[in-house]
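1. sequence unavailable; structure follows:
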């Protein structure tokens, strides 16, 4: 299929039914786009798609925090995670907020002139080290933290399952095109959306306990669902392989792994040969999704007689992505409420 999709064939909007049709309809209404590549590439798994949309909508699109500040966070996280697709998309969306100078300053690698935006960008781009208070009011923490965690998850699945091209021939790299693309979405981006309206689409899905930083909010409910739904992709791995992935991510300090493969080969070396491709792909998605290759995916698909489905691939990548996202959560929020059982 032409477009940015790698490895999976998405459900096209005109053929969508059930949960996927509901998600696509709300994306068109609330995001102003009939086609949203990141959600489409997840569409072979309706549950993962709906849970991801709920988390994205309730943290970034809805709520009381300024959309400009949350777009700065989305962009800062995407830059730190080396996700060109998301960097380009959210540079355009920052243009859509009307702050064109801010969008281009960040695109050039400059520090924003506004100290508040500079602090948000720095916070979003730094996941390692001790927990630091976020540069935002406590009553808005669930929106800013939720936006950051949304993009730690989304960046990973996007880098694994999409190409870099938001627009044909990478036209989004042009300042003029970025600005024009943002203007098209201005009216939608500047709307104030009601909170919680995505939750009906995931009400029947499993959920983990809500986290303290977002308990009692739509963001908290959405993240609890995303954790459970994406985490269930670990069922595609054997117990040993699943443990190898979670243990390796548990000690990750938030920085990009080295270019050598020792960090990757070590955790999977002791696994049975049939289990290594899945563990390798999940661990790459978690910590270095931009290094996933055609061979990695093809080897994993061939590791089971009869192959693997697109839904299997989405679910496995979602497991790797949420495992890393939960580790980031522990690095940017107080961790006393994150138990070993929560991380399993």
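-> Okay, I see it. Remember, predicted model here, so these are calculated numbers, not experimental data. Residues are numbered from 1 along each chain as shown.
2. not counting its neighbours along the chain, what's nearest residue 101?
-> Setting aside the residues directly before and after it, residue 101 is nearest to residue 113 in space (C-beta to C-beta, 6 or more residues apart in numbering), at 7.5 Å. C-beta: built from backbone N, CA, C; applies to glycine.
3. give me the number of residues near that neighbour?
-> Using other C-beta atoms under 10 Å, residue 113 is surrounded by 10 other residues.
4. in terms of helices and strands, where is it?
-> Following DSSP states H and E, one finds residue 113 outside all helices and strands.
5. where does it fall, phi/psi-wise?
-> Dihedral pair for residue 113: phi -70, psi -30, per degrees, to the nearest 10.
6. measure it to residue 121 for me?
-> 12 Å (C-beta to C-beta, to the nearest Å).
7. just to revisit the earlier point, quick one: the residue nearest to residue 101 from residue 73, how far?
-> Residue 113 is 17 Å from residue 73, by C-beta to C-beta.
8. residue 122 too?
-> From residue 122 to residue 73 the distance is 11 Å (C-beta to C-beta).
9. more crowded one of those two?
-> Remark: of residue 122 and residue 73, residue 73 carries more neighbours, 29 against 14, as counted by other C-beta under 10 Å.
10. that one: helix or strand, and which one exactly?
-> Residue 73 is part of helix 67-80 when elements are defined by DSSP H and E.
11. all strands for the stretch 101-250 of the chain, in order.
-> Per DSSP state E, counting those that start in this stretch, the stretch 101-250 of the chain carries no strands over any range.
12. what about the helices in it?
-> Secondary structure of the stretch 101-250 of the chain, counting by DSSP state H, counting those that start in this stretch: helices at 115-125, 141-161, 175-184, 186-189, 218-231, 239-250.
13. and the lowest mean pLDDT element among the helices and strands of the protein?
-> helix 340-343 (a mean of 42; mean pLDDT, DSSP states H and E).
14. how does this structure divide up, domain by domain?
-> Using automatic domain parsing, the domain ranges for the chain come out as 16-190+209-227, 232-343.
15. can I get those in JSON lines with distance to residue 3?
-> JSON lines is the format used below for these (distance: least, C-beta to C-beta, whole Å):
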{"stretch": "domain 16-190+209-227", "distance to residue 3": "7"}
{"stretch": "domain 232-343", "distance to residue 3": "15"}
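16. quick one: the residue sitting furthest away from the middle of the chain from residue 40, how far?
-> Farthest-out residue of the chain from its mean C-alpha position, per C-alpha atoms, centre = their mean: residue 305, at 30.6 Å. Distance, residue 305 to residue 40, using C-beta to C-beta: 29 Å.
17. over to residue 293?
-> 22 Å.
18. which one of the two has more residues nearby?
-> Ranked by neighbour count (other C-beta under 10 Å), residue 293 and residue 40 place residue 40 first, with 26 against 10.
19. so where does that one fall, helix or strand?
-> Residue 40 belongs to helix 37-41 when elements are defined using DSSP H and E.
20. can you name the element that comes right after that helix?
-> helix 46-56.
21. that next one vs helix 218-231, what angle?
-> Interaxial angle, helix 46-56 versus helix 218-231 (axes from the mean of the first three to the mean of the last three C-alpha atoms, to 10 degrees): 150 degrees.
22. and the residue lying closest to residue 217 once chain neighbours are set aside, what does it touch?
-> Leaving aside its sequence neighbours, residue 217 sits nearest to residue 142 (C-beta to C-beta, 6+ apart; 4.8 Å). Listed by C-beta atoms under 8 Å, 6 or more residues apart in numbering, the contact set of residue 142 reads 59, 213, 214, 217, 219, 220.
23. burial of the nearest residue to residue 47 once chain neighbours are set aside, as a residue count?
-> In space, and not counting its chain neighbours, residue 47 is closest to residue 229: 4.9 Å by C-beta to C-beta, 6+ apart. Residue 229 has 27 neighbouring residues, counting by other C-beta under 10 Å.
24. ok, residue 229 to residue 91 distance?
-> Taking C-beta to C-beta, one finds residue 229 at 29 Å from residue 91.
25. what about residue 20, how many neighbours?
-> Neighbour tally, residue 20, other C-beta under 10 Å: 24.
26. any figure for the gap between it and residue 327?
-> Distance of residue 20 to residue 327, computed by C-beta to C-beta: 29 Å.
27. what do you get for residue 312?
-> 23 Å.
28. tell me which of these two has more neighbours.
-> residue 327 (23 against 18).
29. the inter-axis angle of the host helix or strand of the more buried one versus helix 46-56?
-> Assigned by DSSP H and E, residue 327 belongs to helix 310-332. With the same axes, to 10 degrees defining the directions, helix 310-332 sits at 30 degrees from helix 46-56.
30. what average pLDDT does stretch 299-310 get?
-> When pLDDT is averaged along stretch 299-310, the result is 91.
31. which residues does it contact?
-> The contact list for stretch 299-310 (C-beta under 8 Å, 6+ apart) reads 7, 8, 9, 44, 274, 277, 278, 280, 281, 313, 316.
32. figure out the length between the terminal residues of that stretch.
-> Using C-alpha to C-alpha, to the nearest Å, one end of stretch 299-310 lies 14 Å from the other.
33. quick one: low-confidence parts of the stretch 1-150 of the chain?
-> Counting by pLDDT under 70, the stretch 1-150 of the chain has low-confidence residues at 1-2, 128-131.
34. got the buried residues for the helix holding residue 40?
-> The neighbour-count check on helix 37-41 (16 or more other C-beta atoms under 10 Å) flags 37, 38, 39, 40, 41 as buried.
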